[in-house]
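> pasting a predicted model and its sequence here:
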Amino acid sequence: MTKFSVATLLLAIASNGVAFSPPQHCIKSTTITSKLQQSTQAAPTETEAPSSTQTPLSSATLPATDIPRLPVQETQQPPQELPTESQNPTSLKREKIIKEPPIWEYNFGLQNPSLALPHGITPRVTPPETFQLTESQIATLERDGVVHLKSVFDSDWVEYLRSATNDQVANPHFWAFAGTASKLYDYIQRNIWQTNKAFADFYYHSAVGHVLAQCGRTDEIRISTDLLMVNPNKGFKWHQDNQNGPITWNDGIRFWITMDETPAEYGAPVYLKGSHRNTVVDEQAVFVDIQMEGLEEYREQWLEFRTMPGDMLVWHPKTIHKVDGPSDGIWTSYRRVLGGTAAKAGTLYTDKRGTGGVLSDLGRHGLEDGDILSSPFFPRVYPRFDDEEAFARDSGRVGRDFRDIVQKIGGLV
């Protein structure tokens, strides 16, 4: 397999584990031998939900393309399901359910677990589904800075996301190496949609774009950046989100899509109600001391959400929040989340070189400060995915380049 120098690995660590599609002659494939336990299916989706529909917006057929395509890795390890603590609380030992793979077991380039989409969806043909929110839910987000949306995705979509995640963990991508090595998560990978087709298809065809468009009161949604996160070890203390891609606070909408039942003892996200309106936390800050002067009206206003499979959390990027993991950092079950930041219509590209925010914008997209955020690197998912953007992604033209990593991280240093 391809050998990397120590300097190259350090660059990978500095890049925050973002996706990278190398030139065609550099793509190598490795066989994964990660061991996952086989078990029964996880807890079903909670049934409480607002009135909803998951139906196509319109029909469309994609045009033919002559774009040359990079080799796509058909993953070797089949998706497997893991237990939740509530299913088998007595027999599960306090042992990590995911073991960190050695560096030589990581994969490169594009990956495709070849999963069938639910509801008879044809990839890149069927338009996205819809899910109707209430005005009260949207008003809650605007007032509190966060809203819990129950049962947005049915059991078919939940199973699809679980299978895609399990396959990804069993066949880890090289650009998850930095995040995994940090020990913050058992597995974490930024811009997962760029390297794994299953997640790109989810954004293109599920109702996620429609939900976020309603939350942002906008007629277009693009994915600015995303993260696949599995088991946050001891958790993530009070913080605000500044890894939102090259956009401003008010242009972004943060989201979480949960695939598992939150354990009763830990793992439930907690938000400070209304804290998105605070004026004292520096925009470059990540972690927040909630005892600081100026946060008095928020620090006791806790909103805790025990999310269930298929639920979404949507919040303002400035809303202060945390997640507490098990005290020993050992997850004996999966806590799988697909999260990220979406951009509203009319969002302008904001060059964040020289700040920590640049770590979520390391692609060679050619956008300059002040340009309209319109690029295959920030794909449109509502009202419908863009055919040319999808083809660019499938051909390996949407990825990371070491020249950009050196240039942009150099500015941060």
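Perfect, I can see it now. Keep in mind the model is a prediction, meaning the values are calculated, not measured. Residues are numbered from 1 along each chain as shown.
> quick one: furthest residue from the center of this structure?
Here the chain reaches farthest from its C-alpha mean at residue 293, the gap being 32.5 Å by Cα atoms, centre = their mean.
> need the per-residue pLDDT for that one.
What the model reports for residue 293 is a pLDDT of 97.
> check residue 332 too.
80.
> with residue 326 instead?
88.
> measure it to residue 385 for me?
Between residue 326 and residue 385 the computed distance is 38 Å (Cβ to Cβ, to the nearest Å). Heads up, the C-betas are built off the backbone N, CA and C, glycines and all.
> which of these two has more neighbours?
More neighbours surround residue 385 than the other of residue 326 and residue 385, with 23 against 20 (other Cβ atoms under 10 Å).
> which helix or strand contains the closest residue to that one other than its chain neighbours?
Residue nearest to residue 385 in three dimensions, not counting chain neighbours: residue 204, with 4.1 Å by Cβ to Cβ, 6 or more residues apart in numbering. Using DSSP states H and E, residue 204 falls within helix 197-205.
> quick revisit: what's the burial count for the residue nearest to residue 385?
Burial of residue 204 is recorded as 27 neighbouring residues (other Cβ under 10 Å).
> let me see the contact set for it.
Contacts for residue 204 (Cβ atoms under 8 Å, 6 or more residues apart in numbering) come out as 123-124, 128, 379, 381, 385, 390.
> restricted to helices, list those residues.
Counting by DSSP state H, the contacts of residue 204 place residue 390 in helices.
> which one of the contacts of residue 204 is nearest residue 278?
residue 381 (29.9 Å; Cβ to Cβ).
> pretty sure the closest one is touching residue 207, no?
No - here residue 381 does not reach residue 207: they are 10.1 Å apart, not a contact under Cβ atoms under 8 Å.
> what sits in contact with each of those two?
In contact with both residue 381 and residue 207: residue 128, using Cβ under 8 Å, 6+ apart.
> picking up where we left off before, is the residue farthest from the centre of the chain in a helix, a strand, or coil?
coil (DSSP: H, G, I helix; E, B strand; the rest coil).
> state the distance from it to residue 254.
Taken as Cβ to Cβ, the span from residue 293 to residue 254 is 26 Å.
> hey, which helix or strand in the chain has the poorest pLDDT?
Across the helices and strands of the chain, mean pLDDT, DSSP states H and E gives its lowest value to helix 6-14, namely a mean of 37.
> dump the contacts of residue 204 into TSV; add pLDDT and distance to residue 262 as well.
Formatted as TSV, the contacts of residue 204 follow (pLDDT from 0 to 100; distance: Cβ to Cβ, whole Å):
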residue	pLDDT	distance to residue 262
123	96	31
124	94	34
128	97	27
379	97	29
381	98	26
385	97	31
390	96	33
